[in-house]
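Visitor: what's the 3D shape of this:
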Amino acid sequence: MRKYDFVALLNVKNCNPNGDPLNEGKPRTNLEGYGEISAECIKRKLRNRLQDMGESIFVQSQDRCDDGYDSLHARAADVLKNEFKDGAADKITAAACEKWIDVRLFGNLFAYSGSKISVGIRSAVTIEHTISTDVVEIKDIQITKSVNGESTKNGKRASDTMGMKSIVGDAVYVLRGSINPIRAEKNHVTEKDIALFKKALCSLFENDESCARPAGSMDVKQVYWFSQDETNYISTAKVFDLVDIDTDGNAALKKIPESVSLEELI
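Guide: This next block holds a predicted model:
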């Protein structure tokens, strides 16, 4: 298995790329004012895209569940019932990796109440916290509903018709990640899985539309895909440094070492 690293530029316009539940759902920012998208948010979108492609997903969103299970525990207990009965961690790992592409790529911890078995599968894919190239401007917009949510005694407009939404006006975010060849081999990640992952990465925001993220408000601008052979790896940090990105979100490539192959997916 080759070593893969990737850098993607994400365009954000007039939307909320990732709301912060601890800050009234406003777009996430760090203390310096740079916009953020959590790695968990990115992985959720990747899982959704892989599911759209017909792949079996273990960590499904409740509103996208396609196999009838109402919890991860129920899904694991039923699909892996023979392996859990056997109690061998290696058999549970092998069966889970064979069944679900997101377990092969992102790993999972199988530890549930009532079970004496705890099995952890380490992730082959790691994704950094995605950060904007510059400080973001967050706009607070007042919105109203055209009808009262509840009836009022006097028939006048109720207070619940008024609300607020917060959006990022215009920004570029940088997504960085890596696929560890050792973990990929242990999880039985295939080249087909890699090809599907690349396709999901390039179409990250398809079928992800919502009131907070209207269609077209988020887009994958560029994807730089780096690969190396099985020996003499250059570190992931040094590979990331090959892409120089300015505050406006414009990228320039430095000289690519001979041992590194570059593919511009977009």
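Visitor: Where does pLDDT dip in the stretch 101-250 of the chain?
Guide: Under the criterion pLDDT under 70, the flagged ranges of the stretch 101-250 of the chain are 113-115, 145-162.
Visitor: ranges for the strands of it?
Guide: Counting by DSSP state E, counting those that start in this stretch, the stretch 101-250 of the chain has strands at residues 108-110, 119-121, 125-127, 130-135, 138-144, 162-179, 218-228, 243-245.
Visitor: Show residues contacting the second one.
Guide: I take that to be strand 119-121. Residues from elsewhere that reach strand 119-121 (C-beta atoms under 8 Å, 6 or more residues apart in numbering): A89, I92, T93, A96, C97, V103, G107, N108, L109, F110, A111, N187. All C-beta atoms are positioned from the backbone trio N, CA, C, and that covers glycine.
Visitor: Of these, which belong to helices?
Guide: Using DSSP state H, the members of the contacts of strand 119-121 that fall within helices are A89, I92, T93, A96, C97, V103.
Visitor: Can you tell me which of those residues is closest to G25?
Guide: For these, the minimum distance to G25 (C-beta to C-beta) is 30.0 Å, reached by V103.
Visitor: Not counting its neighbours along the chain, what's nearest the spatially most central residue of the chain?
Guide: Using C-alpha atoms, centre = their mean, the residue of the chain that lies closest to the mean C-alpha position is I42, 1.6 Å off. Once flanking residues are discounted, I42 sits nearest to I127: 5.4 Å by C-beta to C-beta, 6 or more residues apart in numbering.
Visitor: which residues pair with that neighbour across the strands?
Guide: Note on I127: beta-bridge partners G177, judged by DSSP bridges.
Visitor: Can you get me a residue count around it?
Guide: Neighbourhood size, I127 [other C-beta atoms under 10 Å]: 22.
Visitor: mind saving the C-alpha coords of stretch 58-69 as CSV?
Guide: Taking Å, rounded to 0.1, in the frame of the first residue of the first chain, the C-alpha atoms of stretch 58-69 are listed here in CSV:
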residue,chain,number,x,y,z
PHE,A,58,-21.4,1.6,10.0
VAL,A,59,-21.7,5.2,11.5
GLN,A,60,-24.9,6.3,9.6
SER,A,61,-26.8,9.5,10.2
GLN,A,62,-30.2,8.7,11.7
ASP,A,63,-32.0,10.6,8.9
ARG,A,64,-30.0,8.6,6.3
CYS,A,65,-30.3,5.1,7.9
ASP,A,66,-30.7,2.5,5.1
ASP,A,67,-30.7,-0.8,7.1
GLY,A,68,-33.3,-0.2,9.8
TYR,A,69,-31.0,-0.2,12.9
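Visitor: Can you mark which positions in that stretch are buried?
Guide: By neighbour count on 16 or more other C-beta atoms under 10 Å, the buried set for stretch 58-69 is F58, Q60, Y69.
Visitor: Pretty sure the second one sits in a strand.
Guide: No. Remark: Q60 does not belong to a strand; assigned using DSSP: H, G, I helix; E, B strand; the rest coil, it is coil.
Visitor: thinking again about what came up before, export the buried residues of stretch 58-69 to a markdown table and tack on distance to A212 and pLDDT?
Guide: A markdown table is the format used below for the buried residues of stretch 58-69 (distance: C-beta to C-beta, whole Å; pLDDT from 0 to 100):
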| residue | distance to A212 | pLDDT |
| --- | --- | --- |
| F58 | 26 | 98 |
| Q60 | 21 | 96 |
| Y69 | 27 | 94 |
